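*Asks:* What follows is a predicted protein model with its sequence.
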Amino acid sequence: MQNFHSDSLNSSKILSREAYKQIDKEIQKYPVDQKKSAVIATLIIAQQEKGFITPEIEKEVAQYLEMPPIAVHEIATFYNMFDAKPKAKYKIVMCTNLPCALRNAKHAMTILSDKLGIKAGETTSDGLFSLNEGECFGACADAPVMLINNHQMHSWLNEKNIDGIIRDLTLSNKIKTSKEKN
């Protein structure tokens with residue numbers, strides 16, 4: 001099993017030593033000959049560190065997990081949780097699969113679009129919000145559902161709670177920005 005060794009990573013690596021330590025923990029969850037099974041976890045770690053997945057990161061991950069670069073690319077482009085370019089500070093993804101669609105996901109998407117002044121696939125001019133449609137998040141009973149930054153799920157969306165979510169995120173950003181200036 002491959003483990004992190006300081007001499008095995010030179011300064012030309014894109015991901016940090018800390019990222020590789022986390023990746024090694026993920027690799028240990030699988031049989032020695034199946035470390036490529038950690039590819040999704042590895043891409044998540046890479047995206048958390050770098051913000052998005054570049055072709056260079058895909059190649060580095062492929063080399064580390066001893067798998068073909070095209071296989072990593074296929075995974076990175078198949079799942080909408082991975083971004084190939086920088087996104088806004090708050091990446092909002094609305095589920096538009098059938099259960100959410102039947103519970104007014106399109107209406108929720110319209111509310112978000114109107115509130116943010118952008119359409120699906122766009123980012124606000126201040127870089128604070130991006131809006132996208134996504135596939136099932138596994139919370140169909142809570143429809144309609146949206147994810148923020150792939151980690152924060154909001155359910156039973158309506159105009160009132162969407163307004164609150166956007167207000168809270170905007171306020172949170174203003175508070176963080178204010179603290180950083182002081």
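*Replies:* Good, I have the coordinates. Keep in mind the model is a prediction, meaning the values are calculated, not measured.
*Asks:* Quick one: residues in contact with stretch 134-152.
*Replies:* Stretch 134-152 has contacts (Cβ atoms under 8 Å, 6 or more residues apart in numbering) with 80-81, 90-97, 99-100, 102-105, 108, 112, 153-157, 165, 169. Any C-beta I mention is one placed from the backbone N, CA and C, and that applies to glycine too.
*Asks:* Among those, name the buried ones.
*Replies:* Neighbour counting by 16 or more other Cβ atoms under 10 Å classes 81, 90-97, 99-100, 103, 105, 108, 112, 154-155, 157, 165, 169 among the contacts of stretch 134-152 as buried.
*Asks:* now, which of these lie within helices?
*Replies:* Pro99, Cys100, Ala105, Ala108, Leu112, Ile165, Leu169 (DSSP state H).
*Asks:* tell me the SS of the nearest residue to the third one once chain neighbours are set aside?
*Replies:* It stands for Ala105. Of all residues not flanking Ala105 in the chain, Pro144 sits nearest, at 3.9 Å (Cβ to Cβ, 6 or more residues apart in numbering). Assigned with DSSP: H, G, I helix; E, B strand; the rest coil, Pro144 falls in the coil class.
*Asks:* So Pro144 versus Cys95, what's the distance?
*Replies:* Look at Pro144 and Cys95: by Cβ to Cβ, to the nearest Å, they are 7 Å apart.
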